[in-house]
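S.K.: test case, fold it:
(4 chains)
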Number of protein chains: 4
Amino acid sequence: MKKLKLGVIGTGRIGKVHIATLVQSVPQAEVVAIADINPDAANEVAKAFGISNVFDNYSEVINHPEVDAVVICSPTDTHAQYIVAAAKAGKHIFCEKPVDLSLEVIQDALDAVAKAGVKLMVGFNRRFDPNFSKLKQLVGDDKIGNPHILKITSRDPAPPPAEYSAVSGGMFMDMTIHDFDMARYIVGSEVTEVYTNATVLVDPEIGKAGDVDTAIITLTFANGAIGVIDNSRKAVYGYDQRVEIFGSKGMACADNNYPENHRYYAADGVHSSLPLNFFMDRYLEAYANEMKIFCDSVVNDLPLPVSGIDGLKSVAIALAAKKSYLENRKVLISEILKPVQE
Amino acid sequence: MKKLKLGVIGTGRIGKVHIATLVQSVPQAEVVAIADINPDAANEVAKAFGISNVFDNYSEVINHPEVDAVVICSPTDTHAQYIVAAAKAGKHIFCEKPVDLSLEVIQDALDAVAKAGVKLMVGFNRRFDPNFSKLKQLVGDDKIGNPHILKITSRDPAPPPAEYSAVSGGMFMDMTIHDFDMARYIVGSEVTEVYTNATVLVDPEIGKAGDVDTAIITLTFANGAIGVIDNSRKAVYGYDQRVEIFGSKGMACADNNYPENHRYYAADGVHSSLPLNFFMDRYLEAYANEMKIFCDSVVNDLPLPVSGIDGLKSVAIALAAKKSYLENRKVLISEILKPVQE
Amino acid sequence: MKKLKLGVIGTGRIGKVHIATLVQSVPQAEVVAIADINPDAANEVAKAFGISNVFDNYSEVINHPEVDAVVICSPTDTHAQYIVAAAKAGKHIFCEKPVDLSLEVIQDALDAVAKAGVKLMVGFNRRFDPNFSKLKQLVGDDKIGNPHILKITSRDPAPPPAEYSAVSGGMFMDMTIHDFDMARYIVGSEVTEVYTNATVLVDPEIGKAGDVDTAIITLTFANGAIGVIDNSRKAVYGYDQRVEIFGSKGMACADNNYPENHRYYAADGVHSSLPLNFFMDRYLEAYANEMKIFCDSVVNDLPLPVSGIDGLKSVAIALAAKKSYLENRKVLISEILKPVQE
Amino acid sequence: MKKLKLGVIGTGRIGKVHIATLVQSVPQAEVVAIADINPDAANEVAKAFGISNVFDNYSEVINHPEVDAVVICSPTDTHAQYIVAAAKAGKHIFCEKPVDLSLEVIQDALDAVAKAGVKLMVGFNRRFDPNFSKLKQLVGDDKIGNPHILKITSRDPAPPPAEYSAVSGGMFMDMTIHDFDMARYIVGSEVTEVYTNATVLVDPEIGKAGDVDTAIITLTFANGAIGVIDNSRKAVYGYDQRVEIFGSKGMACADNNYPENHRYYAADGVHSSLPLNFFMDRYLEAYANEMKIFCDSVVNDLPLPVSGIDGLKSVAIALAAKKSYLENRKVLISEILKPVQE
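M.R.: As a prediction, this is how the structure comes out:
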């Protein structure tokens, strides 16, 4: 079996998830080098998974002679820099989302990737969730007909620390960005207009930090469909991730996943368990699927299922959503992203 | 038992439903007179339900000495006139929605009702659906906490005839108006802002007639909550009526009702029945509940659960939704409805 | 429209349900006479439903010249006598189940019916429940293939008064008898063998009265299928009525019905409402359907969907179940019911 | 971390599942040796999982000086022999079910284990399925109250090859044995009586081989509860694994697991996916949980959750079920298993 030798940059939470998948579940993958600015973290991971080459500097992974492809799991503000460096080194790239908060920076990174002729996949893991994949398949099989209405409910169990918003770019950029990608993926058409109705209902501190915690975002698609995303930073009953697509031939919806499916009938009602609590539980299978398909696509020179352009587009929609909120009006994506870039 | 003697104006589809409920299921009601401009229709109903006094003119019902209360089931453009006449005759009034398409006309009718000191209830039957009543109860019992996000999905199985839109005032006025009332009812707060994203995806003829058939409408409420309604004139799988309310303490949702609850497991998947097909099936219990509570409230001099102001407000929101669609911008309810009227 | 003029004997709980259906929902029915040994009860019902002829003696209903058909809702020990009397008077008959506790008495009644050439339908209302009708339809449409396994769960919310068992014939005769009929109806084949595993777990007083309150009853059918019924006199969560049929081509199951279908997601789990509490709620539609089809079949001279033989067979199975319990062994129906009777 | 060094005997389907879990998901486990009578199979597994010591003979694994515990995944007729050998070698033991088809052979193996003072766990993996674990927890937390009725539905997607029955001991011994263990586990009491209603409806060849393919088995428990298991060798819609426990305080049921949870609403009905197809999919998590708890219990000297006695009891119930079928009568477990052995 032809093997893909990978280097992983960043061994925090998501880095460890990807390493575990690559080591345990992807026979054609071999993790040959990892790096983290925290050497202790990197060494611990290296030991647990039997990885030989451990560094505290990203460039040693990228430039390691054995490394065919790099998996970038470092903070967002380093993504573009590492993509460019990896492209220049002729390495294929998997990068966590978002690529960057700036469209210009992303465009420069994509240009470097194009120039180098390497492959780049952006980590929109939810596309590989079996529920949403099934919806996409029904759309692809024309079971829905022409899409008319898309509905995404996406609510987190608890808000991130207040200081996170400043770094992350805010709720639209760190949380809704997944929903913007999902919207494009399911409908199969580009978003052209965005209207945001957002507010602070969960925690006033979030508002003081300049962010919102509750939002309803209306979308218009190039194919005529319309859509809506509703977000909350705090659902007391856990992680709420549902998608519904309605069209001329039918409707398909995907519910949450649950740790088990018991029902308990007592004198005071029927009771069952809450949904899986957060993304590490809900999307574990999606993360594994995503890494498998990345390795398989690179090894067999197949098109990657999520491109750099997908990474760019979702950031553009997030910027439009923010602008709509700030200016209290509908915003066209063409105000944000010049057509020439597409 | 103290009885309420009623006269019913209009013996079409909804008129017959109300008469059947009053005759068969409301012991304290007695239908003493009915009228329809079509005498054959009225006579047939009178015979089926054993009603003695049949007229082809509304005023004979309103002015019939035995009649304590009138139930107005005639076309929308006659509602206000009949309300005023009934009020002047000192009769209590149940009127189908919408009261009228014009806020001024409605206001005049409400003034006449107030001056006469009679009771007026508007027929927002969905408030009496057991599913939505349960959601309202959970909100009232503080099980939801502060409401944050309201979601209403409301889709019809098939569009009305093209010519209907002209008479009805269009989709926002004949269909979404129920959802606007439901929004105010469930959230327990007034709508202050409306943004409409609407389009024609079902049938171009609807567009030619100046109406829309698919819409996502975003709402802002006075208490800070936000909401979204999605509408389609054509769901091939039938009548789709769902509501979800999300707040600081939890979330409650109400699904569709089904004719029966079997599931069939075959080699090609699991199959079950479609939802109840249209409002006469889905809301049969709601119609009956509404008529019972109207009679009970009048007989026992209790406050009516849906007021004339409720009728006015839902029309104002519908007008704002239409204006938002036409002007492609967010519209404030205060642009439509002057605060003094509240 | 050709009308069926009915007389109802017994105006207790089930009698009132049938009268209400006949008066309010069966246009081709007219209740012309009723009787109850308690004249006050009969008079109250007569007044509520506008029935002219009220008696305290069954024979006056049966022999009333206007009466075409009688509906027997009196206690079980009077059924056979009234059937015979009605048959002799040439009246069609609807009789509540069970026809009697003695096979000989039933057989004599059926003989009288046959001799008189009148129609007789036994009140196995559950056959007309939309859930179970749908299962029957799937079997009839060969969606299940050859039936292999039938499962019926049938549990009451609370046991009847201790003294009721003596009169009723015990749990197998007053409760499971419905399930025996359902088993024959769904599988479409006769029961040939019964094995009962029964016990007293709910209330020792029931055991002292010689009855059981918890049972698992295994059935064998003539077509080779096997089946199981589980019963309890006390489900604290309410009335539990489910059926499942499994065969060579698939499986279909029918769940309980619920008063509404909300789900409430709170921090401690997901909660929903209990099933409809007891037979008057759960089977209201079934009772109405049964009465409509009885009237329709008599008026239009169609075969009745539940025959006197059906009434006989279910009693035979109940007797076999009891014998199996008492003798702690499998019992053949042929030990109870001589083949010649079929 | 203290590590448990394991040797695995048998590298067929289930052996590979256990090895993958041990290598990938149990940090405290190390697989140091494996054996299979087919050396190619063993070598392939060794290579895939980086295992150094590969043998074609079980005794080399058992007697390997590094091996602390053996995992026996070889054919049933070798289990007892390997248990005895491992016990004599002082190694802890995990053995797939059933231990053996003969109670005497099992008893001898258990005696050897007891004499050697080693730990033995039998592989009833379903106890570690999250759905059934949740039911057990509800029973343990007294949410069910006194158990009254247990229901287990257990149906396979397709029958095993005809020749398998001879080796396996037949359906009760190779399939229902899991349900017998589940019954004891959920109810928390011993089975005392068995009545079997079994037949051949799936494939006449199975009957010719002396086995059955469809069965309903009624159980009585020492604590007074009663129960029923229904089995089929062929459910065309896939693997059907459900459990329900009903008691004085409530009822809990566990449904099947599904690959994803979409629902598709089309004009012809609502459709969803079939359950996970067979045990390797449905019980993957259960297999992993079982192996983790075995390692953890041995390393930390904790009691094992499934004992050798559990292995013995389930075989005894299977023998009683077969005897009941053959003799067409209820069989007491005390006829099969002398009380002294407990």
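
S.K.: partners of residue A:242 in the sheet?
M.R.: Counting by DSSP bridges, residue A:242 is bridged to residue A:153.

S.K.: that one contacts residue A:257, doesn't it?
M.R.: No - Residue A:242 lies out of contact with residue A:257 (Cβ atoms under 8 Å); the separation is 10.5 Å. The way it works is simple: take the backbone N, C-alpha and C, and place the C-beta from them, glycine included.

S.K.: could you give the mean pLDDT of stretch A:165-176?
M.R.: Averaging pLDDT along stretch A:165-176 gives 90.

S.K.: what's the answer for stretch A:22-34, then?
M.R.: Across stretch A:22-34, pLDDT averages out at 91.

S.K.: C-alpha coordinates for that stretch, PDB please?
M.R.: The C-alpha atoms that make up stretch A:22-34 are tabulated as PDB, following Å, rounded to 0.1, in the frame of the first residue of the first chain:
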ATOM      1  CA  LEU A  22      -4.200   9.100  11.300                       C
ATOM      2  CA  VAL A  23      -2.300   6.600  13.500                       C
ATOM      3  CA  GLN A  24      -5.200   4.300  14.400                       C
ATOM      4  CA  SER A  25      -7.700   4.400  11.600                       C
ATOM      5  CA  VAL A  26      -5.900   5.400   8.300                       C
ATOM      6  CA  PRO A  27      -3.800   2.500   7.100                       C
ATOM      7  CA  GLN A  28      -2.300   4.500   4.300                       C
ATOM      8  CA  ALA A  29      -1.200   7.300   6.600                       C
ATOM      9  CA  GLU A  30       2.000   7.600   8.600                       C
ATOM     10  CA  VAL A  31       2.700  10.500  11.000                       C
ATOM     11  CA  VAL A  32       6.400  11.000  10.800                       C
ATOM     12  CA  ALA A  33       6.800  14.400  12.400                       C
ATOM     13  CA  ILE A  34       4.900  16.800  14.700                       C
END
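
S.K.: quick one: contacts of it?
M.R.: By Cβ atoms under 8 Å, 6 or more residues apart in numbering or on different chains, the surrounding residues in contact with stretch A:22-34 are A:1-9, A:11, A:15, A:19, A:42, A:45-46, A:49-55, A:60-61, A:64, A:66-67, A:71, A:288, A:291-292, A:295-296, A:299, D:23-25, D:48.

S.K.: out of these, which are buried?
M.R.: When those are checked for burial by 16 or more other Cβ atoms under 10 Å in any protein chain shown, the buried set is A:4, A:6-9, A:11, A:15, A:19, A:42, A:45-46, A:49, A:51, A:53-55, A:60-61, A:64, A:67, A:71, A:288, A:291-292, A:295, A:299, D:23.

S.K.: tell me which residues touch residue A:145, please.
M.R.: A:247, A:248, A:249, A:250.

S.K.: how close does the first one get to residue A:147?
M.R.: It stands for residue A:247. Distance of residue A:247 to residue A:147, computed by Cβ to Cβ, to the nearest Å: 5 Å.

S.K.: overlap in contacts of those two?
M.R.: Taking Cβ under 8 Å, 6+ apart as the criterion, residue A:247 and residue A:147 both touch A:139, A:225.

S.K.: return the residues of the stretch 1-150 of chain A in contact with chain C.
M.R.: Not one residue of the stretch 1-150 of chain A sits near chain C, judged by Cβ under 8 Å from any Cβ of the partner chain.

S.K.: can you give me the helices in the stretch 1-150 of chain A?
M.R.: Under the criterion DSSP state H, counting those that start in this stretch, helices of the stretch 1-150 of chain A are mapped to A:13-25, A:39-49, A:58-62, A:76-88, A:103-116, A:130-140.

S.K.: how far is the shortest one from where the chain is centred?
M.R.: Meaning helix A:58-62. Helix A:58-62 sits 23 Å away from the centroid of its parent chain (Cα atoms, centre = their mean, to the nearest Å).

S.K.: which elements pack onto the helix or strand of chain A with the lowest mean pLDDT?
M.R.: Every helix and strand of chain A was ranked by mean pLDDT, DSSP states H and E. The lowest is helix A:162-168, at a mean of 80. Helix A:162-168 sits against helix A:76-88, helix A:171-174, helix A:204-208, with contacts defined as 3 or more Cβ pairs under 8 Å, 6 or more residues apart in numbering or on different chains; DSSP states H and E.

S.K.: alpha carbons of the helix or strand that the shortest one is followed by, as CSV, please.
M.R.: The element immediately downstream of helix A:171-174 (helix or strand, assigned by DSSP states H and E) is helix A:176-187. Backbone C-alpha positions of helix A:176-187 (Å, rounded to 0.1, in the frame of the first residue of the first chain) are rendered in CSV as follows:
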residue,chain,number,x,y,z
THR,A,176,-21.3,30.4,12.1
ILE,A,177,-18.6,29.9,9.6
HIS,A,178,-19.3,26.2,9.8
ASP,A,179,-22.9,26.9,9.0
PHE,A,180,-22.0,29.1,6.1
ASP,A,181,-20.0,26.3,4.6
MET,A,182,-22.8,23.8,5.3
ALA,A,183,-25.3,26.2,3.6
ARG,A,184,-23.2,26.3,0.4
TYR,A,185,-22.5,22.5,0.6
ILE,A,186,-26.1,21.4,1.0
VAL,A,187,-27.8,23.9,-1.4
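
S.K.: just the angle between helix A:176-187 and helix A:130-140, please?
M.R.: Helix A:176-187 runs at 40 degrees relative to helix A:130-140, counting by axes from the mean of the first three to the mean of the last three Cα atoms, to 10 degrees.

S.K.: does chain B have contacts with helix A:176-187?
M.R.: No - counting by Cβ under 8 Å from any Cβ, chain B has no neighbours in helix A:176-187; the shortest distance is 12.5 Å.

S.K.: same question, stretch A:211-222
M.R.: Yes - applying Cβ under 8 Å from any Cβ, one finds stretch A:211-222 touching chain B at A:214, A:215, A:216, A:218, A:220.

S.K.: what's the neighbour count on the nearest residue in space to residue A:221 that is not next to it in sequence?
M.R.: Leaving aside its chain neighbours, residue A:221 sits nearest to residue A:189 (4.3 Å; criterion: Cβ to Cβ, 6 or more residues apart in numbering or on different chains). Here the number of neighbours of residue A:189 (other Cβ atoms under 10 Å in any protein chain shown) works out to 17.

S.K.: tell me the phi and psi of residue A:189?
M.R.: phi -150, psi 160 (degrees, to the nearest 10).

S.K.: residues touching it, list them.
M.R.: Contacts of residue A:189 by Cβ under 8 Å, 6+ apart are A:147, A:221, A:222, A:223, A:225.

S.K.: buried among those residues? Make that a ChimeraX selection.
M.R.: A single ChimeraX command is used to select the members of those judged buried by 16+ other Cβ under 10 Å:
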select /A:147,221,225
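
S.K.: can you list the contacts of residue A:189 in JSON lines and add secondary structure?
M.R.: Below are these laid out as JSON lines (DSSP: H, G, I helix; E, B strand; the rest coil):
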{"residue": "A:147", "secondary structure": "strand"}
{"residue": "A:221", "secondary structure": "strand"}
{"residue": "A:222", "secondary structure": "coil"}
{"residue": "A:223", "secondary structure": "coil"}
{"residue": "A:225", "secondary structure": "coil"}
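
S.K.: pick the one among the contacts of residue A:189 closest to residue D:92.
M.R.: Of all these, residue D:92 sits closest to residue A:147, with 58.0 Å by Cβ to Cβ.

S.K.: my guess is the closest one meets residue A:139, correct?
M.R.: Yes - using Cβ under 8 Å, residue A:147 makes contact with residue A:139 at a distance of 6.7 Å.

S.K.: quick check: the residue of the stretch 51-200 of chain A nearest chain D.
M.R.: Going by Cβ to the nearest Cβ, chain D is nearest to residue A:130 of the stretch 51-200 of chain A, at 3.9 Å.

S.K.: which parts of chain A sit against chain B?
M.R.: A:146, A:148-149, A:151, A:153, A:155, A:193, A:195, A:197-199, A:201-202, A:214-216, A:218, A:220, A:224-228, A:230, A:232, A:234-237, A:240, A:246, A:248-251, A:328-330.
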